[in-house]
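1. fold the stuff below for me.
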Amino acid sequence: MTISDYESALVTGASAGIGAAVVSDLCARGLTVHAVARRQDRLVDLAAATGCTTHVLDVRDTVAMEELFGSLGVDILVNNAGVGRAIQSLTDADPADVDQTIGTNVTAALHAVRTVLPSMIERGRGHIVNVGSVAGLYPLTSGVYGASKGAIHLLSLNLRLELAGTGVRVTEICPGRVATEFYDAAIDDPDLRHRFKETGITEITSEDVAASISYALDAPWYVNVARVELQPTEQTYGSVNFHPVEGPEQ
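-> Numbering: from 1, shown residues only. You can find the predicted model right below:
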């Protein structure tokens, strides 16, 4: 099952960044692409540039999402919608930011998969692409965001077991630093945002991530690209840091 065997795709978080790049790539490959996002003005521009079909929707609205996603019968779901609120510290996190991150990154992703799977299983073909993160694979200083992407990692692993024998494939895409608007939306404090954004390295692009998704989609039917991990050449993970702490006074 390659891209040429698929007819339609659904991409969440499609108004900018990785989502918009995926929509553009899949439209260029001749698929009917449904682009879902909250920002109507961005979707209008995306439709004009790519020919995609747009849907203004907040994925946290489960009822609206079920009605739309269940009616489309798509071959591909790219679960890309995500936010990074409360990324800096769980200790200081606003409860609303925690709820927004988990609601968007985890709960909505689960409901999206649940809604599109029945028609895929009935046809004996389909592809679930979950956009995770290296934050879901390695220890990083972002408890809330890391937890949300760790959930996507296990969702992807467990879906492979659930869907064995159905013909439906599952791919997890785990990017490192990507040059997008992510931190602009995640962090309100300008000084903190600047510290998160200014790394001094060359980040990968949304188009790089979109290309990795198309690689997985274009594999032969008997090949499931289970996980793709991509990051800037100048970024890596796994170092061990020691921070001595003085014991309590006796």
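2. which residues in this structure form helices?
-> 17-28, 40-50, 62-72, 95-102, 108-123, 143-162, 182-186, 190-197, 206-217 (DSSP state H).
3. so which of those helices gets nearest residue 238?
-> Comparing these by their distance to residue 238 (CB to CB), the top pick is helix 143-162, with 14.5 Å. Quick note: C-beta positions are derived from backbone N, CA and C, even for glycine.
4. so which of the helices of the chain is nearest residue 173?
-> Nearest to residue 173 among these is helix 206-217; the distance by CB to CB comes to 5.9 Å.
5. got the contact list for the nearest residue to residue 211 once chain neighbours are set aside?
-> Distances taken as CB to CB, 6 or more residues apart in numbering put residue 25 closest to residue 211, at 7.2 Å, once the chain neighbours are dropped. Going by CB atoms under 8 Å, 6 or more residues apart in numbering, residue 25 touches 207, 210, 211, 213, 214.
6. any idea of the pLDDT on the closest residue to residue 69 other than its chain neighbours?
-> Nearest residue to residue 69 in three dimensions, chain neighbours excluded: residue 115, at 4.2 Å (CB to CB, 6+ apart). Model confidence at residue 115, given as pLDDT, is 97.
7. ok, the one 3 residues further on next?
-> Reading off the confidence values, residue 118 has pLDDT 97.
8. that one - how many residues pack around it?
-> 11 (other CB atoms under 10 Å).
9. now swap in residue 27 and tell me
-> Residue 27: 21 neighbours (other CB under 10 Å).
10. low-confidence ranges in this protein?
-> 1, 181-189, 191-198, 239-243, 246-250 (pLDDT under 70).
11. run the chain-centre distance for the longest strand along it.
-> Criterion DSSP state E: the longest strand present in the chain is strand 168-175. Centre-to-centre, strand 168-175 and its host chain are 10 Å apart (CA atoms, centre = their mean, to the nearest Å).
12. do stretch 220-239 as well
-> That offset, for stretch 220-239, works out to 14 Å (CA atoms, centre = their mean).
13. can you pull the buried residues of the longest strand of the chain?
-> Neighbour-count burial for strand 168-175, counted by 16 or more other CB atoms under 10 Å, picks out 168, 169, 170, 171, 172, 173, 174, 175.
14. among those, which one lies nearest to residue 81?
-> Taking those together and measuring to residue 81 by CB to CB, the closest member is residue 173, at 13.4 Å.
15. so that closest one bridges to which residues?
-> residue 131, residue 228 (DSSP bridges).
16. contact partners for it?
-> Residue 173 sits next to 129, 130, 131, 132, 209, 212, 213, 216, 227, 228, 230 when contact means CB under 8 Å, 6+ apart.
17. out of these, grab the one that's most surrounded.
-> residue 132 (28 neighbours).
18. do I have it right that that one meets residue 145?
-> No: here residue 132 does not reach residue 145: they are 11.0 Å apart, not a contact under CB atoms under 8 Å.
19. burial of residue 92, as a residue count?
-> 8.
20. next, give phi and psi for it.
-> Backbone torsions for residue 92, taken as degrees, to the nearest 10, come to phi -100, psi 10.
21. ok, now residue 83?
-> phi -140, psi 170.
22. burial check on the nearest residue to it once chain neighbours are set aside, number of neighbours?
-> Excluding the flanking residues, the one nearest residue 83 by CB to CB, 6+ apart is residue 104, at 4.9 Å. By other CB under 10 Å, the residues close to residue 104 number 21.
23. alright, that wraps it up for me.
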